[in-house]
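sequence plus the predicted model coming up.
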Amino acid sequence: MTNDPNTHQRLDPAAEKIRRRRSIAIALTLGFMVVAFYVATFVHLGANAVRGQM
């Protein structure tokens, strides 16, 4: 057996389920952060964002 880092081993179903849940949690957290920064920016700019002035 070689120690090639490019070879992938198949995970068992339990490990795949854990990995999938972790990936979904990371994606949801990232999405929440994007929305939170967007809302915070919009609130900070206030009415100026609607008028296009700074």
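That came through fine.

what sits against A40?
Contacts for A40 (Cβ atoms under 8 Å, 6 or more residues apart in numbering) come out as none. Every residue, glycine included, has its C-beta placed from N, CA and C.

element containing it, please.
helix 13-45 (DSSP states H and E).

distance between that helix and the chain's centre?
The chain centroid and the centroid of helix 13-45 are separated by 4 Å under Cα atoms, centre = their mean, to the nearest Å.

and if you look at stretch 32-47?
17 Å.

average pLDDT across it?
Taken as a whole, stretch 32-47 has a mean pLDDT of 89.

assign a three-state SS to L11, would you?
For L11, the assignment made with DSSP: H, G, I helix; E, B strand; the rest coil gives coil.

okay, it: pLDDT?
For L11, the model assigns a pLDDT of 82.

and the gap between the residue nearest to it when sequence neighbours are not counted and F42?
Nearest non-adjacent residue to L11, counting by Cβ to Cβ, 6 or more residues apart in numbering: R19, 6.9 Å away. Here R19 is placed at a distance of 35 Å from F42 (Cβ to Cβ, to the nearest Å).
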